[in-house]
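Peer 1: Dropping the sequence and predicted coords here.
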2 protein chains.
Amino acid sequence: MRLSSRYRYFDTKVPEILSWARGGVINMAGGIPDPAAIPPSIGDIAMDVIRQHSDKAFQYGDTQGLLELRREITRFKGFGDPDGVVVTVGSQEGLDIIGKTFIGPQDTVAVEDPTYFVALPILKTYSHSVVSIPIREGGLDMDKLEETARSGLRLLYLMPSIQNPTGRVMPLDERKAVLELAEKYDFHIVEDDPYSSLSMTPLPPSMAQLDPYRVLHLSTFSKIIAPGLRVGFIITTKEASNALINVKSATTISTPPLSQLIAAEFLKRGLIRESIDRARQLYWSKLTVISTAVREAGLEFQEPVGGFFIWLNTGIDADALLREALKLGVAFMPGRYFSPSGSFSTWIRISASQVTIEEGRLGVKRLANAIQSLKH
Amino acid sequence: MRLSSRYRYFDTKVPEILSWARGGVINMAGGIPDPAAIPPSIGDIAMDVIRQHSDKAFQYGDTQGLLELRREITRFKGFGDPDGVVVTVGSQEGLDIIGKTFIGPQDTVAVEDPTYFVALPILKTYSHSVVSIPIREGGLDMDKLEETARSGLRLLYLMPSIQNPTGRVMPLDERKAVLELAEKYDFHIVEDDPYSSLSMTPLPPSMAQLDPYRVLHLSTFSKIIAPGLRVGFIITTKEASNALINVKSATTISTPPLSQLIAAEFLKRGLIRESIDRARQLYWSKLTVISTAVREAGLEFQEPVGGFFIWLNTGIDADALLREALKLGVAFMPGRYFSPSGSFSTWIRISASQVTIEEGRLGVKRLANAIQSLKH
């Protein structure tokens, strides 16, 4: 069976690595939410919704998303207009329809380096030219960004608030500088924001709040309600949302109304704050234990402010390290998967999302042993 | 806001036409299932599923789809292997991931002319070369198909069983002839099959049954359980399904498990036959009344064997006719939307899915009046 030329972007072996939790292997590779973060009330809410709205729950929904959910989303986020919200099957579908709508094959797209690896195959599907903008100690390489913008940039994909994999938070002045370039060179920004609710410290305003016209804000309820709902959303202008709706009407047609009704009811009942607090504490307690263990093992890294991940340079080839670590019973993600330029070969991403505190501590110990044994 | 070059394929005005049911306009344009076809038991099943499987219902599901649903799908269809089934967010997502997986920009795709209009923007997104194979009185133009195949064809998109818009059923010998060409020239076939369950007469074996290797069978529960579940599926080989899963893991990640569990339970309880019988009778009763009215109005058409639609040539420019018909209070789909070559400008598609029997009869009367007034 002949596959398309673009299929190679999708054939990453990443799903395999993410699933490594067999035969005593501690899975610090995956980013799947902890089931304990899913609010126990979700089942009751689902049943109430079915009792009250079974007419709506099983028919096609509006392609844009149910108005009641779009209203709750803007109320929850504190910005945007329901007319400019598009509800999607997770934020990953959001990125896909943004790609179809805004990026032509000849348009240049830029991404941070490192960046979220699952964004790359989608962006490469729609654009022949995906450019890496390095993240340096001082932040995003603004010279490279401006140089890229000058020769014609259509879209910049960013995770300004708790980036995956680095955990970095882009400071306010940097956000403003990026937006100034967007204005000057007429490009748009996708602000992918799955983790901001899980921050332990206040974050700068989202880029969509700073410039609603330039920024497509992409987010999801997967980390703060339940991933199985597959409810994500884009907050943008009414003009952009109209175009996105036309595209979505030819792909998933509508996000399942039952999922949308459950999310809307959850928000309406004011349960989201409590749910966010629980999820944030849960992941933070694991992340701090893991951070401590990593520090005690003598490894240096940037302290995260929340989310799922720790990003660090081991100084050892990460693929070799992974082979060794698997023997000792722990899995992580090698850094090169996050790098569109093939950099970060000695970096790794450690995830706190799928392990218990005990497993986390033990996992880091095994990892430290793997590093030691390769240094000899 | 600058849109991508491919956005024009999606900006069809079709969603607007499909929604025309305002101010007394009878909507014979849309193809949305009748709410009366949705089984009343679905709400109870959904509640049982939530009670019994709330752990699974709200967590990410397996990207391929829940094994229990994939098993039920092959049992229901009577062919395929659960390993080769991929569950999708409606069959439209199925087509999208097939496009990403199998069609590169330089690969040629062929479609019937006329064909299902929502397939076109997706196919054009992934291939620069979408070729029309006319449907003639004698069937698909096999000379044109062979000529296209000879110069390199990757994928042929077909609806062999109750085609949208024509209602045509491809006879067995034609299916076999197409498969022979696929073998000879090494192309694959997407068999889009949303309507076969709604046939009033026995249909030939599906093309996937005749050649499981050459054919990707694409279908959905939207017309026979409930569209709001957004559960579709692809039946193919294990090899092809592996590639499709890698692609889906970067787009919708998984079809909502709650929807999948509801569909699986519905099938497990053996309710699907009854549900199909009810839906088939419901649409057939409307379709026969409308057919009769169309015949009485002196219009010629090919009698459908089931499904939602009647396809006919009015001899009048369909856009002009639509303007006139809207004044008289009825909407339909102009034929040119279904034609990748821009043919069928005097043809129209009339839908029985969204109207009552009374509305259907009245709608055809209004249509006949519109035709009369334009003939003068």
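Peer 2: Structure received.

Peer 1: which secondary structure elements does the lengthiest strand in chain A contact?
Peer 2: Ranked by residue count, the top strand of chain A under DSSP state E comes out as strand A:129-136. Of the remaining helices and strands, those touching strand A:129-136 by 3 or more CB pairs under 8 Å, 6 or more residues apart in numbering or on different chains; DSSP states H and E are strand A:108-113, helix A:119-126, helix A:142-150. Heads up, the C-betas are built off the backbone N, CA and C, glycines and all.

Peer 1: B:A331 is nearest to which of these?
Peer 2: The closest of these to B:A331 is helix A:119-126. By CB to CB, the value is 33.8 Å.

Peer 1: ok, that closest one near chain B or not?
Peer 2: Yes. Helix A:119-126 is in contact with chain B by CB under 8 Å from any CB of the partner chain, via A:P121, A:I122, A:T125, A:Y126.

Peer 1: Could you grab the helix/strand/coil label for the closest residue to the first one other than its chain neighbours?
Peer 2: Once its chain neighbours are removed from consideration, A:P121 has its nearest residue in A:Y9; the separation is 3.9 Å (CB to CB, 6 or more residues apart in numbering or on different chains). Taken by DSSP: H, G, I helix; E, B strand; the rest coil, the conformation at A:Y9 corresponds to helix.

Peer 1: I figured A:Y9 was touching A:Y126, is that so?
Peer 2: No. Under the criterion of CB atoms under 8 Å, A:Y9 makes no contact with A:Y126, lying 10.7 Å away.

Peer 1: ok, these two, which is more surrounded?
Peer 2: With neighbours defined as other CB atoms under 10 Å in any protein chain shown, A:Y9 and A:Y126 compare such that A:Y126 has more, 25 against 19.

Peer 1: Looking at that one now. What's its pLDDT?
Peer 2: Here, the pLDDT recorded for A:Y126 equals 96.

Peer 1: Mind listing residues that contact the helix or strand of chain A with the lowest mean pLDDT?
Peer 2: Ranking every helix and strand in chain A by mean pLDDT, DSSP states H and E puts helix A:14-18 at the bottom, with a mean of 72. With contact meaning CB atoms under 8 Å, 6 or more residues apart in numbering or on different chains, helix A:14-18 is reached by A:27, A:29-32, A:117-118, A:322, A:331, A:333-334, A:337, B:63, B:245-246, B:249.

Peer 1: swap in stretch A:275-283?
Peer 2: Under CB under 8 Å, 6+ apart, the answer for stretch A:275-283 is A:33-34, A:36-37, A:39, A:197-200, A:223-225, A:266, A:306-308, A:352-353.

Peer 1: Show me how to select, in PyMOL, the buried members of the residues you listed.
Peer 2: Selecting the buried subset of those in PyMOL, with 16 or more other CB atoms under 10 Å in any protein chain shown as the burial test, is done by:
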select buried, chain A and resi 33+34+37+39+197+198+199+223+224+225+266+306+307+308+352+353
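
Peer 1: Just the ones in helices from the contacts of stretch A:275-283, please.
Peer 2: A:F266 (DSSP state H).

Peer 1: what's in contact with the helix or strand just after the longest strand of chain A?
Peer 2: Counting by DSSP states H and E, the element after strand A:129-136 in chain order, helix or strand, is strand A:139-140. The contact list for strand A:139-140, computed with CB under 8 Å, 6+ apart, reads A:E112, A:I133, A:P134, A:M170, A:P171, A:E174, A:V178.

Peer 1: how close does the fourth one sit to chain B?
Peer 2: Spatial separation of A:M170 from chain B under the definition CB to the nearest CB, to the nearest Å is 23 Å.

Peer 1: circling back to that earlier point, can I get the residues of helix A:119-126 next to chain B in TSV with distance to A:S343?
Peer 2: Below are the residues of helix A:119-126 next to chain B laid out as TSV (distance: CB to CB, whole Å):
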residue	distance to A:S343
A:P121	18
A:I122	21
A:T125	22
A:Y126	23
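
Peer 1: okay, now the domains of chain A?
Peer 2: As given by automatic domain parsing, the domain ranges for chain A are A:7-38+A:273-375, A:56-270.

Peer 1: Least confident of the ones you listed, on average?
Peer 2: When the domains of chain A are ranked by mean pLDDT, domain A:7-38+A:273-375 comes last with a mean of 93.

Peer 1: Show me the helices in the stretch 201-350 of chain A, by range?
Peer 2: Along the stretch 201-350 of chain A, the stretches classed as helices by DSSP state H, counting those that start in this stretch are A:207-210, A:238-248, A:257-268, A:272-296, A:318-328.

Peer 1: Which one of the contacts of helix A:14-18 is nearest to B:I162?
Peer 2: The nearest member of those to B:I162, counting by CB to CB, is B:I245 at 29.1 Å.

Peer 1: circling back to that earlier point, for the helices of the stretch 201-350 of chain A, state which one has the densest average packing.
Peer 2: Greatest average neighbour count among the helices of the stretch 201-350 of chain A goes to helix A:257-268 (a mean of 26), per mean count of other CB atoms under 10 Å in any protein chain shown.

Peer 1: and the angle from that one to helix A:272-296?
Peer 2: Between the axes of helix A:257-268 and helix A:272-296, defined by axes from the mean of the first three to the mean of the last three CA atoms, to 10 degrees, the angle is 90 degrees.

Peer 1: Report the central residue of chain A.
Peer 2: The residue lying closest to the centre of chain A (CA atoms, centre = their mean) is A:P194, at 4.8 Å.

Peer 1: That one against A:K223, yeah?
Peer 2: Yes. Judged on CB under 8 Å, A:P194 makes contact with A:K223 at a distance of 5.6 Å.

Peer 1: and A:M47, which of the three is it?
Peer 2: Recorded secondary structure, A:M47: helix (three-state DSSP).

Peer 1: Could you pull up the residues touching the closest residue to it other than its chain neighbours?
Peer 2: Nearest non-adjacent residue to A:M47, counting by CB to CB, 6+ apart: B:M47, 5.3 Å away. Taking CB under 8 Å, 6+ apart as the criterion, B:M47 is in contact with A:M47, A:I50, A:R51.

Peer 1: For B:T74, state which of those residues is nearest.
Peer 2: Nearest to B:T74, judged by CB to CB, of the contacts of B:M47 is A:I50 at 28.1 Å.

Peer 1: Could you measure from the closest one over to A:A57?
Peer 2: As for A:I50, its distance to A:A57 is 6 Å (criterion: CB to CB, to the nearest Å).

Peer 1: Please identify every residue contacting each of these two.
Peer 2: Residues touching both A:I50 and A:A57 (CB under 8 Å, 6+ apart): A:L258, B:G43, B:A46.

Peer 1: Now name the helix or strand holding the second one.
Peer 2: This points to B:G43. Using DSSP H and E, B:G43 sits in helix B:42-57.

Peer 1: Output that helix as PDB, nothing but the C-alphas.
Peer 2: What follows is helix B:42-57, C-alpha atoms only, in PDB (Å, rounded to 0.1, in the frame of the first residue of the first chain):
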ATOM      1  CA  ILE B  42     -30.500   5.900  23.000                       C
ATOM      2  CA  GLY B  43     -30.900   8.100  26.100                       C
ATOM      3  CA  ASP B  44     -31.300   5.100  28.400                       C
ATOM      4  CA  ILE B  45     -28.400   3.300  26.800                       C
ATOM      5  CA  ALA B  46     -26.300   6.400  27.300                       C
ATOM      6  CA  MET B  47     -27.200   6.500  30.900                       C
ATOM      7  CA  ASP B  48     -26.400   2.900  31.400                       C
ATOM      8  CA  VAL B  49     -23.100   3.300  29.700                       C
ATOM      9  CA  ILE B  50     -22.200   6.300  32.000                       C
ATOM     10  CA  ARG B  51     -23.200   4.300  35.100                       C
ATOM     11  CA  GLN B  52     -21.100   1.300  34.100                       C
ATOM     12  CA  HIS B  53     -18.100   2.800  32.300                       C
ATOM     13  CA  SER B  54     -17.500   6.300  33.700                       C
ATOM     14  CA  ASP B  55     -13.800   5.400  34.000                       C
ATOM     15  CA  LYS B  56     -13.500   4.800  30.300                       C
ATOM     16  CA  ALA B  57     -16.100   7.300  29.100                       C
END
